[in-house]
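Chemist: model this:
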Amino acid sequence: MRNEVTLIAYADRLAGTLAGVRDVLAGPFAGAFGGVHVLPFFTPYDGADAGFDPVDHTSVDPRLGDWGSVRALADDVEVTVDVIVNHVSARSAQFQDAQARGAASPYADMFLTFGSVFPDGATEEDLLRIYRPRPGLPFTSFRMGQGRRFVWTTFTSEQVDIDVHSAAGAAYLRSVLDALAAAGVSMIRLDAAGYAVKTPGTSCFMTPETFAFIDELTGQAHARGLEVLVEVHSYFQRQVEIARQVDRVYDFALPPLVLHAAASGDHAPLVHWLGIRPANAVTVLDTHDGIGIVDVGPDPQTGEAGLLTADQLDALVESIHEASGGRSRAATGAAASNLDIYQVNCTFYDALGAHDARYLAARAVQLFCPGIPQVYYVGALAGRNDMELLARSGVGRDINRHRYSGPELTAELARPVVAGLLALCRFRNAHPAFGGEFEVLPAERGLHLVWTSGEQRAELVTELDTGATVLRWTAADGVHETRDLVTDPPVVG
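Modeler: Numbering: from 1, shown residues only. As a prediction, this is how the structure comes out:
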């Protein structure tokens with residue numbers, strides 16, 4: 001992947017269609033993003049889990065475009081697309097056939113059941129050991145042929161889990177890789193990969209068997225010219241381990257550590273993480289999901305210390321709720337469906353109290369971190385929590401999945417904080433220092449981050465709790481400096 005900022009977006013919620021995304025990238029976002037991660041555009045894009053429950057993972061929903069639309073987008077920018085490895089929709093043709101014909105179906109072995117994972121039965125201890133990002137056990141009763149089976153459903157009863165080692169499951173995943181490679185996609189994101197392999201007697205999450213599967217699928221992707229980004233929310237040391245085995249891994253520890261520093265003034269955990277984090281990361285502050293907490297907390301399986309203590313985590317969650325005026329509380333945990341036990345649902349802008357200077361300081365830190373920065377479309381527009389959408393859907397994560405109309409997009413682009421962020425992205429893409437060496441320098445308080453490449457230098461000094469920032473950079477006519485990213489953003493060239 002190019003060393004440039006990438007946009008993350010739902011095609012329908014930002015621009016209506018895939019062609020619309022291409023127009024936005026070439027128009028008002030020109031120069032700010034060298035790539036785009038288009039969230040699921042498969043049939044249907046608006047299912048039970050906003051496209052992460054594909055009925056047909058190899059077809060583009062015709063309401064958004066077709067494979068030609070994806071190829072046209074890939075002609076302009078590098079495109080990342082999700083491969084949903086853990087499950088398919090319960091309404092998929094394969095599962096419908098398995099339900100109708102039972103053991104006679106060619107897809108009978110494609111789906112995991114309680115019996116296929118535990119052929120000799122399971123003890124209470126076996127079941128309690130299973131790690132799931134929702135309350136309760138991961139099984140749903142379905143009629144399969146003439147009888148009923150407990151089918152493995154890690155996330156919701158609408159999403160049935162694939163046996164990735166079965167002939168039908170492996171062939172299914174290969175067909176998805178083939179379709180994406182043929183459309184010119186540059187990188188795939190392995191969605192929910194940590195749950196993809198179920199091994200009796202284990203947590204069924206990020207086990208040695210999971211790593212082996214990720215290795216195997218990564219090899220298949222590389223054979224098709226696809227890079228691999230692994231999406232796993234877990235204890236930070238596991239992220240470091242995963243990074244050694246794949247092309248890219250998300251830095252999911254960065255968002256809560258930035259928010260902790262902004263809320264408390266304590267930058268030490270963030271500085272510590274900057275010294276040990278993997279460099280082959282995709283850096284994010286926000287995504288289509290909530291703000292991860294498990295990524296910085298103690299290991300829920302072993303109790304090993306995290307990047308933050310349990311008390312610091314509790315304070316962090318409360319600070320987000322306070323900064324958002326309590327709106328995030330209405331979208332998080334038992335208050336909303338599609339329950340995540342490890343995330344707080346809130347836009348990142350509202351998590352910082354809609355404070356423009358602190359928001360751009362946080363974005364500047366993200367853009368200075370080694371790796372490929374990704375900016376979520378709501379974050380790119382400094383979006384607020386969508387309480388109307390939350391009220392209509394009852395889905396907590398919808399608070400951060402606003403649907404922008406054309407006139408609304410135009411109005412948001414005129415805001416100084418949005419213009420400042422797009423200018424920061426263009427600065428990150430264009431300044432040659434970011435192709436050099438990174439270092440964290442001592443600071444009395446806050447952060448002091450520097451990139452150097454020969455004579456070229458970019459330097460950020462910031463306090464995330466106040467938003468006070470100094471950004472300096474070299475240019476052809478000398479050294480430039482700004483102390484206000486909102487009204488005086490950096491310009492290269």
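Chemist: C-alpha from now on. contacts and neighbour counts both.
Modeler: Fine.
Chemist: where does this protein dip in pLDDT?
Modeler: 334-341 (pLDDT under 70).
Chemist: tell me the domain ranges of it?
Modeler: 6-85+167-433, 93-160, 436-482 (automatic domain parsing).
Chemist: The closest residue to Y195 other than its chain neighbours is in what secondary structure piece?
Modeler: Distances taken as C-alpha to C-alpha, 6 or more residues apart in numbering place F205 nearest to Y195, at 5.0 Å, with adjacent residues excluded. Using DSSP states H and E, F205 maps to neither a helix nor a strand.
Chemist: what's the offset of stretch 99-118 from the middle of its chain?
Modeler: A distance of 31 Å separates the centroid of the chain from that of stretch 99-118, by C-alpha atoms, centre = their mean, to the nearest Å.
Chemist: do the same with stretch 311-318
Modeler: Mean-position distance between stretch 311-318 and its chain equals 22 Å (C-alpha atoms, centre = their mean).
Chemist: For that stretch, which residues meet the burial criterion?
Modeler: Neighbour counts over stretch 311-318 (16 or more other C-alpha atoms under 10 Å) mark 313, 316-318 as buried.
Chemist: same check, this time on stretch 86-98
Modeler: Residues of stretch 86-98 classed as buried by neighbour count (16+ other C-alpha under 10 Å): 86-92, 94-98.
Chemist: Repeat that for stretch 11-19.
Modeler: Result for stretch 11-19 [16+ other C-alpha under 10 Å]: buried residues 11-19.
Chemist: on that earlier part again, okay, now the residue nearest to Y195: neighbour count?
Modeler: Residues within reach of F205, counting by other C-alpha atoms under 10 Å, total 22.
Chemist: And E408, by the same measure?
Modeler: If we define neighbours as other C-alpha under 10 Å, then E408 has 10 of them.
Chemist: Relative to A221, how far out is L180?
Modeler: Per C-alpha to C-alpha, to the nearest Å, L180 is found 10 Å from A221.
Chemist: Neighbour count for the two, which is higher?
Modeler: Neighbours per residue (other C-alpha under 10 Å) separate L180 from A221, with L180 holding more: 26 against 20.
Chemist: Help me confirm that that one is found in a helix?
Modeler: Yes: checked against DSSP: H, G, I helix; E, B strand; the rest coil, L180 lies within a helix.
Chemist: ok, it to L14 distance?
Modeler: Computed as C-alpha to C-alpha, the L180 to L14 distance reads 22 Å.
Chemist: same check, this time on P269
Modeler: Distance of P269 to L14, given as C-alpha to C-alpha: 34 Å.
Chemist: returning to that earlier point: what's the farthest-apart pair in the buried residues of stretch 11-19?
Modeler: R13 and A19 (12.8 Å; C-alpha to C-alpha).
Chemist: Between these two, which contacts overlap?
Modeler: By C-alpha atoms under 8 Å, 6 or more residues apart in numbering, R13 and A19 have no common neighbours.
Chemist: hey, where'd the helices end up in the stretch 251-400 of the chain?
Modeler: In the stretch 251-400 of the chain, the helices defined using DSSP state H, counting those that start in this stretch lie at 254-264, 268-276, 310-323, 327-330, 348-351, 356-368, 377-380, 387-393.
Chemist: D299: which of these is closest?
Modeler: Nearest to D299, of all the helices of the stretch 251-400 of the chain, is helix 310-323, at 10.5 Å by C-alpha to C-alpha.
Chemist: quick one, that closest one and helix 254-264 angle?
Modeler: Orientation check (axes from the mean of the first three to the mean of the last three C-alpha atoms, to 10 degrees): helix 310-323 against helix 254-264 gives 80 degrees.
Chemist: Verify the contact between P432 and E455 for me.
Modeler: No: between P432 and E455 there is no contact under C-alpha atoms under 8 Å: 9.7 Å.
Chemist: Which one's more surrounded, the two?
Modeler: Set side by side, P432 and E455 show more neighbours around P432, with 20 against 9, by other C-alpha under 10 Å.
Chemist: so who does D126 touch?
Modeler: Shown here is D126, whose contacts under the criterion C-alpha under 8 Å, 6+ apart are 200-202.
Chemist: if you set the cut-off to 7 Å instead, what comes out?
Modeler: G201 (C-alpha atoms under 7 Å, 6 or more residues apart in numbering).
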